[in-house]
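1. Need coordinates for the below:
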Amino acid sequence: MNLKFETERLILRPLELSDAEAMFIMDKNPSVHKYLWQKPVQEIDEVIKVINYVNDQYNRNHIGRFATILKDSGDFIGWTGIKFVDDHVENGNTNFFDYGYRLDERFWNKGYATEATKFWVDYGLNEMKVDNLNAYTHYENSASNQVLKKVGFNFMEEYTAEDGVKWNWWQAKK
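-> You can find the predicted model right below:
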């Protein structure tokens with residue numbers, strides 16, 4: 001996929017296998033997985049599978065999670081972006097556009113999540129012309145819940161997943 005975007009401080013580009021080492025460092029950190037599924041990766045092959053899966057999503061849906069890179073240093077800080085969820089059901093929904101992000105802990109609390117999220121909401125609603133963009137966050141993840149609220153997502157409901165974990169369902173509309 002040839003899409004590449006820039007914000008004031010970030011470069012957003014498709015994930016590549018060359019991102020595997022930095023993504024592995026991020027995803028093996030238990031703090032990064034605190035509000036996810038509590039399953040940090042153990043082997044780099046696990047992130048290589050994720051990168052290949054995301055590349056399949058690019059081919060199938062022409063969108064997906066993007067590597068998020070600092071312009072000034074070239075550091076991989078995580079991934080952000082929109083994906084089309086067509087491979088599972090979330091909160092009773094499938095075949096919907098989902099916004100999500102995951103950042104390496106070293107880059108938290110610097111405004112990068114908000115900057116990327118603003119870009120992706122605008123891109124999804126105004127460039128892709130999707131009617132609504134959904135997101136879901138762990139109900140206790142106050143930082144991510146605040147990012148979504150700050151950039152215009154509306155809290156829709158709390159729901160409990162099959163594993164008993166509570167999540168917040170968010171939606172942004174034109």
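
2. can you give me the helices for the protein?
-> 20-27, 44-61, 112-122, 142-150 (DSSP state H).

3. Out of the ones you listed, which is closest to W169?
-> helix 142-150 (10.4 Å; Cβ to Cβ). Placement of C-beta: from N, CA and C, glycine included.

4. what helices or strands is the closest one leaning on?
-> With contacts defined as 3 or more Cβ pairs under 8 Å, 6 or more residues apart in numbering; DSSP states H and E, helix 142-150 has these neighbours: helix 112-122, strand 132-138.

5. Next, report how far that helix is displaced from the centre of its chain.
-> 13 Å (Cα atoms, centre = their mean, to the nearest Å).

6. got it, and stretch 25-41?
-> For stretch 25-41, the distance from its own C-alpha centre to the chain's C-alpha centre is 14 Å (Cα atoms, centre = their mean).

7. What's the local residue count around N59?
-> Neighbour count of N59, defined by other Cβ atoms under 10 Å: 9.

8. actually A161, sorry about that
-> Burial of A161 is recorded as 13 neighbouring residues (other Cβ under 10 Å).

9. Go ahead and confirm it touches W169.
-> No - applying Cβ atoms under 8 Å as the test, A161 and W169 come out as separate, 10.9 Å apart.

10. on that earlier part again, mind checking which of the helices of the chain is nearest K71?
-> Minimum separation from K71 across the helices of the chain (Cβ to Cβ) falls at helix 112-122, 11.0 Å.

11. follow-up on the earlier one: let's have the helices of the chain in a markdown table, adding mean pLDDT and distance to M128.
-> Formatted as a markdown table, these follow (pLDDT from 0 to 100; distance: least, Cβ to Cβ, whole Å):
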| stretch | mean pLDDT | distance to M128 |
| --- | --- | --- |
| helix 20-27 | 97 | 25 |
| helix 44-61 | 95 | 11 |
| helix 112-122 | 98 | 10 |
| helix 142-150 | 96 | 18 |
